[in-house]
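Engineer: what follows is a protein structure lacking sequence information:
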């Protein structure tokens, strides 16, 4: 009878290789699932951020309307669109300079916008930008 060297251990080696490949496959699959979850979460936050910016723009437009109606307008108000609310504050910084600070919170994603205005004979916007804080 012909004997191969290591013939008794070849099944054990093959089993170990299969287990190693299976573990590597499971780890790769888990990594891809986690990556997919983070990608979905980031995508949702991106959508909420854009919704917040759009809502803030609507709030600024409402504040601009209030200032157009009464150039000395200052105060705080809320705007609700599609069951989402933003709040704005118009502050007189002296003379004809106004600051509009707007904030919205869409499912935990907070967005803030700040606008600087000159309200002489016409309303002139000198700055309109998203900010981290007021």
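Structural biologist: Looks like it came in fine. The structure displayed is predicted, hence computed values, not measured ones. Residues are numbered from 1 along each chain as shown.
Engineer: and residue 133, which of the three is it?
Structural biologist: coil (DSSP: H, G, I helix; E, B strand; the rest coil).
Engineer: which residue sits closest to it, ignoring its sequence neighbours?
Structural biologist: Closest residue in space to residue 133, ignoring its immediate chain neighbours: residue 112 at 6.7 Å, by Cβ to Cβ, 6 or more residues apart in numbering. Where C-beta positions appear, they are placed from N, C-alpha and C, glycine not excepted.
Engineer: quick one: whatever helix or strand the one you found lives in to chain centroid distance?
Structural biologist: Using DSSP states H and E, residue 112 sits in strand 109-119. Strand 109-119 sits 17 Å away from the centroid of its parent chain (Cα atoms, centre = their mean, to the nearest Å).
Engineer: which residues does that strand contact?
Structural biologist: The contact list for strand 109-119 (Cβ atoms under 8 Å, 6 or more residues apart in numbering) reads 45, 48-49, 52-53, 55-57, 59-60, 63-64, 67, 71, 96-105, 123-134.
Engineer: which stretches of this structure have low pLDDT?
Structural biologist: Along the chain, the parts satisfying pLDDT under 70 run over 1-10.
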